[in-house]
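Visitor: Give me coordinates for this.
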Amino acid sequence: MAERTTTYFISDIHLGASYIKDPRAHEKRVVDFLHHIAPDCKRLFLLGDILDYWWEYRTVVPRGFTRFFGALAELADSGVEITWFKGNHDIWISDYLPNEIGFTLHDGTMVTELDGRRFLMEHGDGVGRLPWSFRKLRALFRNRTAQRLYAAIHPRWTIGFAHSWSSHSRKKGGYTPTERAGDNLIDFARAYNADSANEKIDYFIFGHCHTLLQKSLPEGGEIIILGDWINRFSYAKWDGKTIKTCIFES
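Guide: Modelled structure (predicted):
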């Protein structure tokens, strides 16, 4: 087997979303991607909203995504380092999936060095200027007391409510990229590298806003926003020297 040297980044797959017309075909495309990258994949970063909704009860987990979880487990079993960032849709992952599949779960911002370059990664919903209403909602979703109360409600109501919420957000334009989508993340990256107190970042990697972008920053470094797998089927790859965004053609 050839040496694995490539790092892959992907986000906003939204498996299980009620607005996906053909869920089986959607999952198959993602699985095909995982099989495609398997020969040279050294690391895989899943930067959030991989699942449109996930809630782990103490002894029960939701149905679905069997082929995706199996393909991910195959990568982990073969030695691929997998890191899954919590997004604003899959923040309620607990210990079941990390232990069962074999990945590291991360919540928040990560600054790390890969092949001699500094990377800053985050789903994208927790950095920069955030609307007051979104900050409050984000804090509520992460509140332990609120989570315990929500867990006490029967899944027949919570799952339907969660998917209705997601569909409503999409209809309001919550997942529709605009001309200025990502400006908040660009501003954050520029301010970060302009601050002399911070060690310079070579590559900022984000998801969340469903736009595909690779841009050099005046303050140094580059920002990459990973797009989505609702319309674009996009990802980024780093070979140890260069990084580029790509579209997966199944």
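Visitor: So which residues of the chain form helices?
Guide: Taking DSSP state H, the helices of the chain run over residues 23-37, 66-77, 96-97, 132-141, 144-151, 155-171, 183-194.
Visitor: Phe188 and Gly124 touch, don't they?
Guide: No: checked against C-beta atoms under 8 Å, the pair Phe188 and Gly124 is beyond contact range at 9.2 Å. Every C-beta, even on glycine, is put in place using the N, C-alpha and C of the backbone.
Visitor: quick one: which of the two has more around it?
Guide: Between Phe188 and Gly124, counted using other C-beta atoms under 10 Å, Gly124 has the larger neighbour count: 28 against 19.
Visitor: low pLDDT regions in the chain?
Guide: Across the chain, the ranges flagged by pLDDT under 70 are 1-2, 130-143, 146-147, 149-181.
Visitor: which ones are touching Ser11?
Guide: 46-50, 85, 87, 123-124, 206-208, 226-228 (C-beta atoms under 8 Å, 6 or more residues apart in numbering).
Visitor: any idea how far it is from Ala197?
Guide: Separation of Ser11 from Ala197 (C-beta to C-beta, to the nearest Å): 28 Å.
Visitor: now Phe233
Guide: 39 Å.
Visitor: what does Met110 give?
Guide: Separation of Met110 from Ala197 (C-beta to C-beta): 19 Å.
Visitor: Which one's more surrounded, those two?
Guide: Met110 (16 against 5).
Visitor: returning to what we had before: give me the subset of the contacts of Ser11 lying in strands.
Guide: Among these, DSSP state E puts 46, 85, 206, 226 in strands.
Visitor: Export the residues you listed to a markdown table and append columns for neighbour count and distance to Gly16.
Guide: What follows is the ones in strands among the contacts of Ser11, written out as a markdown table (neighbours: other C-beta atoms under 10 Å; distance: C-beta to C-beta, whole Å):
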| residue | neighbour count | distance to Gly16 |
| --- | --- | --- |
| Leu46 | 26 | 15 |
| Phe85 | 28 | 18 |
| Phe206 | 30 | 22 |
| Leu226 | 29 | 19 |
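Visitor: Out of those, give me the two with the largest separation.
Guide: Of all pairs drawn from those, the greatest distance, 13.1 Å, lies between Leu46 and Phe206 (C-beta to C-beta).
Visitor: one step back: of the ones in strands among the contacts of Ser11, just say which sits nearest to Lys21.
Guide: When the ones in strands among the contacts of Ser11 are compared for distance to Lys21 (C-beta to C-beta), Leu226 comes out closest, at 22.2 Å.
Visitor: Phe45 is in contact with that closest one, correct?
Guide: No: if you go by C-beta under 8 Å, Leu226 and Phe45 don't touch, sitting 9.4 Å apart.
Visitor: Report the set of residues contacting both of those two.
Guide: 9-10, 205.
Visitor: need the contact list for Ile186.
Guide: The contact partners of Ile186, by C-beta under 8 Å, 6+ apart, come to 215, 217, 223.
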